[in-house]
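Colleague: give me the fold of what follows.
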Amino acid sequence: MSHLDELDEYEAELELRLKKEYQAVFGLFRYCVLTQDATYLCNRLERTYVPQQSYPFFHLKLEDVWVWDKNRPTRMIPRTEIFVISGDVTIEELRAEGDEEPLTAETLAERIGESSPREEDF
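Modeller: Numbers count the residues shown, from 1 in each chain. The predicted structure is shown next:
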């Protein structure tokens, strides 16, 4: 087996773990935000349309965020801001405000279970 094959196998394993984690945590979040560069799950979202003469843009503020990125050591971050200048942004409301399940570290750990990478995997 060549080094390239091993690297492909490793990348495929990371992608599979990420997909399993996404399925496990999806139900914990209220919004799904899709940009040209990334996918985010979050519980709080503020969006602002900022008209400009040359190009309009959207300013998004997200809290309790899970980021789709297999290369991050942790995908959970407390907050982030996104400025979308070109391209599309899709915002999906996954459930109504009264249906929210509180997001805690324990709930997240239970949902992820075996799908999260362990230290010995690296």
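
Colleague: which other helices and strands does the helix or strand hosting Trp66 contact?
Modeller: If you go by DSSP states H and E, Trp66 is part of strand 57-67. Here strand 57-67 touches strand 31-34, strand 39-42, strand 44-50, strand 76-84, going by 3 or more C-beta pairs under 8 Å, 6 or more residues apart in numbering; DSSP states H and E. In short, each C-beta sits where N, CA and C put it, glycine included.

Colleague: so which of those strands comes closest to Val25?
Modeller: strand 39-42 (6.6 Å; C-beta to C-beta).

Colleague: buried set for the closest one?
Modeller: Residues of strand 39-42 classed as buried: 40-42 (neighbour count, 16 or more other C-beta atoms under 10 Å).

Colleague: would TSV of those residues with distance to Asp8 and pLDDT be doable?
Modeller: TSV is the format used below for these (distance: C-beta to C-beta, whole Å; pLDDT from 0 to 100):
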residue	distance to Asp8	pLDDT
Tyr40	27	95
Leu41	27	95
Cys42	32	95
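
Colleague: identify, from these, the entry nearest to Thr90.
Modeller: Tyr40 (10.8 Å).

Colleague: could you report the distance from the residue lying closest to that closest one once chain neighbours are set aside to Leu41?
Modeller: Closest residue to Tyr40 apart from its sequence neighbours, by C-beta to C-beta, 6 or more residues apart in numbering: Val33 at 4.3 Å. Per C-beta to C-beta, to the nearest Å, Val33 is found 8 Å from Leu41.

Colleague: who does Cys42 bridge with?
Modeller: Tyr31 (DSSP bridges).

Colleague: got the contact list for it?
Modeller: 29-31, 33, 62-66 (C-beta atoms under 8 Å, 6 or more residues apart in numbering).

Colleague: name whatever forms a beta bridge with the most centrally placed residue in the chain.
Modeller: Against the mean C-alpha coordinate of the chain, by C-alpha atoms, centre = their mean, the closest residue is Val67 at 2.5 Å. On the basis of DSSP bridges, Val67 is bridged to Tyr40.
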